[in-house]
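Trainee: Quick one: sequence plus predicted model below, questions after.
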Amino acid sequence: MSHVEGRPRVGISRCLLGDEVRYDGGHKRDTILIATLGHLVEWVPVCPEVEAGMGTPREPIHLVVDASGVAAGAARVRLLGVESRKDWTEPMTRFSRMRVQALVDQDLDGYVLKADSPSCGLEHVRVHRHDGVDAIGRGLFAEALTRACPDLPIAEERSLTDRAFRDTFLSRILEHQRRRLTNR
Ligand code: SF4
């Protein structure tokens, strides 16, 4: 795929563009984000859960604290089906590593992630505990992305409703693009 002339490429959780990829067959179209940044960037949409083979609609999944699990922000977790307890930890971890590497090769200059998702959420994602007290962590795809791309401007759509934050985020994206093109 060739770049849209001059625009920075920005990865995005696909449901934010209005694609019906959520577990319930719905979407989370973010009209403000699309209206304010959509004409300035080239979106690169990714739905980790669909691409990892979970299908739509699908059973909802959540993060559960488990010392033998994988890192997810400050927590160690497993990614489980809410009812079935099917363990998606290894498939999602493996998929995320591979998909993030492919994204690195696509010269991204930023990423917008869907808040609160056990796959895409960047911060304060709810992690369930057997004692009923919740902790916070990070979605497993977001974890792979932040590890592989520590300098990439990444934000959740929720924080981008703030105009000043959004302007700063766009500046960081453009600066990332400028540096990337300069260092070629
Ligand atoms: S939050 Fe991420 S995994 Fe969930 S539907 Fe959106 S793109 Fe897919």
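Mentor: Cool, got the structure. As the structure is a computational prediction, the values presented were derived from the model and not from experiment.
Trainee: the bottom helix or strand of this protein by mean pLDDT?
Mentor: Least confident element among the helices and strands of the chain, by mean pLDDT, DSSP states H and E: strand 135-137 (a mean of 89).
Trainee: Number of residues surrounding L103?
Mentor: Neighbourhood size, L103 [other C-beta atoms under 10 Å]: 20. C-beta: built from backbone N, CA, C; applies to glycine.
Trainee: Name the helix or strand for the residue lying closest to it once chain neighbours are set aside, please.
Mentor: Leaving aside its sequence neighbours, L103 sits nearest to G11 (C-beta to C-beta, 6 or more residues apart in numbering; 5.9 Å). Counting by DSSP states H and E, the secondary-structure element that holds G11 is strand 9-13.
Trainee: On the C-terminal side of that strand, identify the next helix or strand.
Mentor: Scanning forward in sequence from strand 9-13, with DSSP H and E defining helices and strands, the next element found is helix 31-37.
Trainee: picking up where we left off before, same question for the least confident helix or strand of the chain: list its buried residues.
Mentor: Residues of strand 135-137 classed as buried: A135, G137 (neighbour count, 16 or more other C-beta atoms under 10 Å).
Trainee: who does that strand pair up with?
Mentor: With DSSP bridges as the test, strand 135-137 is paired with strand 125-128 (antiparallel).
Trainee: which residues sit against the least confident helix or strand of the chain?
Mentor: Contact partners of strand 135-137, identified using C-beta atoms under 8 Å, 6 or more residues apart in numbering, comprise 63, 65, 72-75, 77, 123-127, 129.
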